[in-house]
Each structure stands twice: as structure tokens, then as C-alpha cells.
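Asker: predicted model, plus sequence, below.
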Amino acid sequence: QVQLVESGGGLVQAGGSLRLSCAASGRTFSSYTMAWFRQAPGKEREFVAAISWSGHSTYYTESVKGRFTMARDNTKNTVYLQMNSLKPEDTAVYYCAAAKTYRYADSRTYDSWGQGTQVTVSS
């Protein structure tokens, strides 16, 4: 497992941007698939984006395609989620997760989670 710490959340107006960061501890960070999930009040946690261990492949849920971009820097043990054109429906707690998995959208396969960071988008 790795320890994960998210940062970068906040309050933004609709149409604005935020960049989330997730810093990981551990020497094997570069071997992990990394993902972002989110959970809105009263809703189940949902997949947002994932990136392969190499960074060569990224995956997004349909509702964020074209607006969100996930990247990783294995030299800094950090992943990022650049969120543009934010909408009120993007409001949620965003969680960073790590696993050695190919089932990138299945939260049950992730064994390391951060504490979450709140993103609030006002209309």
C-alpha cells in the first residue's frame, strides 16, 4: 500500500478551474494505477479518471471527458487532476486511490485511499 494525501480542492464558480494534487509515499509509486473517484452528498462514490502506471493511458468517465485531464509525475510521486469548465454537478469530495489493477474504474480493486478533498462549484 501507499499513503495518499490530496490537496487543491475549494470553492469555484461554474465555468472555473481547479487542479487537484495527490502526493504518494512509497518507493513503488510508479508501479501503481492511480485514480480519482468522487462522492456527492447522498450518492455513491463514482469513478472519475484513472491513469496507468506509465502515464501512457488515461481513462475518464463520460461526464468529464474533454473537461478533466489526469496526469502523473513519477519523479515526484504525484498525480494531478486538472478540472476545467466546472459545473455544479461536479461538486463532491474527491478521493485519490492507488492499486495494481487493470480494473481501473472499479473502486473495490483499490486498496489505498486518501482522505479526500472537497470541491464545490457554485452556479
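Answerer: Nice, I can see it.
Asker: report the central residue of the chain.
Answerer: Note on the chain: the residue nearest the mean C-alpha position is residue 36, at 2.3 Å, using C-alpha atoms, centre = their mean.
Asker: hang on, that one packs against residue 93?
Answerer: No. With contact defined as C-beta atoms under 8 Å, residue 36 does not reach residue 93; the gap is 11.0 Å. (Glycine included, C-beta is placed from N, CA and C.)
Asker: where do the helices sit along the chain?
Answerer: Using DSSP state H, no helices are found in the chain.
Asker: circling back to that earlier point, what sits against the residue nearest to the centre of the chain?
Answerer: 20, 22, 48-50, 70, 79, 81, 94-97 (C-beta atoms under 8 Å, 6 or more residues apart in numbering).
Asker: what sits closest to it if chain neighbours are left out?
Answerer: Counting by C-beta to C-beta, 6 or more residues apart in numbering, the nearest residue to residue 36 once its immediate chain neighbours are dropped is residue 48, at 4.3 Å.
Asker: do you know the pLDDT at residue 43?
Answerer: What the model reports as pLDDT for residue 43 is 96.
Asker: please report the distance of it from residue 4.
Answerer: Distance of residue 43 to residue 4, given as C-beta to C-beta, to the nearest Å: 22 Å.
Asker: the closest residue to residue 14 other than its chain neighbours: neighbour count?
Answerer: Setting aside the residues directly before and after it, residue 14 is nearest to residue 123 in space (C-beta to C-beta, 6+ apart), at 5.3 Å. Residues lying near residue 123 (other C-beta atoms under 10 Å) number 9.
Asker: again with residue 109
Answerer: Residue 109 has 15 nearby residues by other C-beta under 10 Å.
Asker: what's the closest non-adjacent residue to it?
Answerer: Excluding the flanking residues, the one nearest residue 109 by C-beta to C-beta, 6+ apart is residue 101, at 4.2 Å.
Asker: please apply the same query to residue 118.
Answerer: Leaving aside its sequence neighbours, residue 118 sits nearest to residue 9 (C-beta to C-beta, 6+ apart; 4.8 Å).
Asker: residues touching that neighbour, list them.
Answerer: Contacts of residue 9 by C-beta under 8 Å, 6+ apart are 18, 20, 94, 117-119.
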